[in-house]
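Asks: Model the structure of this input:
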Amino acid sequence: MNRARKNIEQLKEQLREDILANGMQYKRAIIKQIDKLYRASGSNNIEDFASTFLRDFKLSDKDYKLLLGDLQTTQKQIAQTWDNHFDIPNGNYEKLIAVNSIDFSKTSLEDDVKKAVTNEAKKAINGDLGFDSLRQKLKNTGLGSDEAYTLANTALAQADNGYMAEVASQADVIYYMYDGIISANSRPFCRDHFKRVYTLAELSAMDNHQGLDVASSLGGYNCQHYLTPLVNYVRLEYGEKFNPAHYKNAA
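Replies: The predicted structure follows:
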């Protein structure tokens, strides 16, 4: 009995360490599963659902509030999508994140253009349409060929980056390298951050002077750069140049 009890305690300790090491991955997986149950329940009140669903869990008030906050954030994103009449299939949380990464709200575009671009881009992604289809739909709204090209390219890049960041975050990625190539047409902003390492929050706090979120649009409209997730990377200082020797267990 003592040996069995010891083994159980060892397993519990291993699980505890695993959860601590991969907390974000577990958290997101749990939230996704609870979200499925919420939508299947038909409830219109996340707090009522949470109190019913979580009543058998022995959570502290603090943990309960934290989990409820995560659920409310997720449902807010879903509600935003539903409000725009775009149906995201149940369980496709990553696609939902991609759709909601499209954001031109802080740009200098006219309000009707912002709305048209955002709506058409979301429809295109939900329908698995490509760049050419989206560009044509934007042209059909009255935009010129060049502007339609730029906005379609930028919107799809935002969605791709949002999807990538969500998948990477589920794998507990913390740091990303500002990646790609530098050309004669590269913006000074991109040159300054090229091959440097940041978190998504740090990137979003930057200003590319385009009114676009750096985490999803990097240098701005038509930017050819992208973020490379750095798995098990240990950054020593803010914005350091990427160094392969900084990976965990590097030789």
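
Asks: A helix includes residue 69, no?
Replies: Yes: looking at residue 69 with DSSP: H, G, I helix; E, B strand; the rest coil, it is inside a helix.

Asks: just the strands in the stretch 101-250 of the chain please.
Replies: All strands of the stretch 101-250 of the chain, identified by DSSP state E, counting those that start in this stretch, fall at 175-179, 197-198, 226-230.

Asks: Could you tell me the least trusted of the ones you listed?
Replies: Lowest mean pLDDT of the strands of the stretch 101-250 of the chain: strand 226-230, a mean of 92.

Asks: What about residue 147, how many residues nearby?
Replies: Residues lying near residue 147 (other C-beta atoms under 10 Å) number 17. C-beta here means a position set from N, CA and C on the backbone, and glycine is covered the same way.

Asks: do the one 10 residues further on as well
Replies: Burial measure for residue 157: 22 neighbouring residues, criterion other C-beta under 10 Å.

Asks: and if you look at residue 151?
Replies: By the criterion of other C-beta under 10 Å, residue 151 has 26 neighbours.

Asks: where's it relative to residue 164, distance?
Replies: Note on residue 151: its distance to residue 164, by C-beta to C-beta, to the nearest Å, is 20 Å.

Asks: Buried deepest among the strands of the stretch 101-250 of the chain, which one?
Replies: strand 197-198 (a mean of 24; mean count of other C-beta atoms under 10 Å).

Asks: Find the residue ranges of the stretch 151-251 of the chain scoring beneath the pLDDT cut-off.
Replies: 250-251 (pLDDT under 70).

Asks: I'd guessed residue 71 sits against residue 46; true?
Replies: Yes: counting by C-beta atoms under 8 Å, residue 46 is a contact partner of residue 71 at 5.5 Å.

Asks: This structure: helices as residue ranges?
Replies: Applying DSSP state H to the chain gives helices spanning 2-21, 23-41, 46-53, 61-83, 93-99, 111-126, 131-140, 145-170, 188-193, 200-204, 214-217.

Asks: what's in contact with the shortest one?
Replies: By C-beta atoms under 8 Å, 6 or more residues apart in numbering, the residues outside helix 214-217 that reach it are 101, 103, 154, 157-158, 161-162, 165, 200, 203-204, 206-208, 210, 223, 227.
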